[in-house]
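> Quick one, fold the following:
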Amino acid sequence: MQNQKPVVNAMKKNILFVCIENSNRSQVAEAFASMKGKGIVQAYSAGSRPSGKINARAIAAMKEVGYDLTKHKSKSLDEIPDVEYEYTITMGCGDACPFVKAKHREDWNIPDPKEMNAEEYREVRSLIEEKVAALIKKVTNGM
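Take a look at the predicted model:
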C-alpha cells in the first residue's frame, strides 16, 4: 500500500512544523497544535530526513499531558499535502524548506531534546506548547 497524503480541510488554516528527523520537536508541535487549535488549524509535521519512528521520549512526554503520539508517523516533506501553508515553522534545525509554499515562515530555534533527561525534555515540551499557543492565537486573530 502506498503512502497517501492527508486530505486538506479548506475551512482550517494549514500549519506545518518541520525538523530533520520528524521524531521529536515537530511531532510535539503538531500534537499541541491539534489539541489547542481544534477547529481552527490543521496541523502537519514532516522532516527533511525522517527517522521513520517517533522518539520514545516524545511519546512519554506527550502521554503525560494526555496526548497519544503512538498514532503519529515520522514522515518526509514528500508526504504532506501540496498546499500553501498559513505558517511553516522550522524548529531550529537549519531546515529552510524552500519548496514548501507558505504565507509565513518562522524558525523557533527549539533545542533538540533527543539526548536530554526527562526534566529537560519536559522544559522543551513546555516551550513548544507556549509557542504553539501563541501561534494559534496569531492565526485566530488573522495575523
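> Which strand or helix spans Val18?
strand 13-19 (DSSP states H and E).
> Taking strand 13-19 as reference, get the angle to the next helix or strand after that strand.
Following strand 13-19 in sequence order, the next helix or strand is helix 25-36 (DSSP H and E). Angle of helix 25-36 versus strand 13-19, following axes from the mean of the first three to the mean of the last three C-alpha atoms, to 10 degrees, is 150 degrees.
> Packing partners of helix 25-36?
strand 13-19, strand 41-47, helix 56-63, helix 118-140 (3 or more C-beta pairs under 8 Å, 6 or more residues apart in numbering; DSSP states H and E). From N, CA and C alone the C-beta is placed, and that goes for glycine too.
> Now tabulate those in CSV and tack on mean neighbour count, mean pLDDT and distance to Thr90.
Supplementary listing: the helices and strands packed on helix 25-36 in CSV, determined by neighbours: other C-beta atoms under 10 Å; pLDDT from 0 to 100; distance: least, C-beta to C-beta, whole Å:
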stretch, mean neighbour count, mean pLDDT, distance to Thr90
strand 13-19, 26, 95, 5
strand 41-47, 25, 95, 11
helix 56-63, 18, 94, 17
helix 118-140, 17, 95, 12
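> Format those as TSV; extra columns: distance to Pro111.
Below are the helices and strands packed on helix 25-36 laid out as TSV (distance: least, C-beta to C-beta, whole Å):
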stretch	distance to Pro111
strand 13-19	11
strand 41-47	17
helix 56-63	13
helix 118-140	6
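> out of the ones you listed, which comes closest to Lys101?
Closest to Lys101 of the helices and strands packed on helix 25-36 is strand 13-19 (C-beta to C-beta; 9.8 Å).
> and the closest one with helix 118-140, angle?
150 degrees.
> And strand 13-19, what does it pack against?
Applying 3+ C-beta pairs under 8 Å, 6+ apart, one finds that strand 13-19 contacts helix 25-36, strand 41-47, strand 85-90, helix 118-140.
> can I get these in JSON lines with distance to Ser76?
Below are the helices and strands packed on strand 13-19 laid out as JSON lines (distance: least, C-beta to C-beta, whole Å):
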{"stretch": "helix 25-36", "distance to Ser76": "12"}
{"stretch": "strand 41-47", "distance to Ser76": "6"}
{"stretch": "strand 85-90", "distance to Ser76": "15"}
{"stretch": "helix 118-140", "distance to Ser76": "21"}
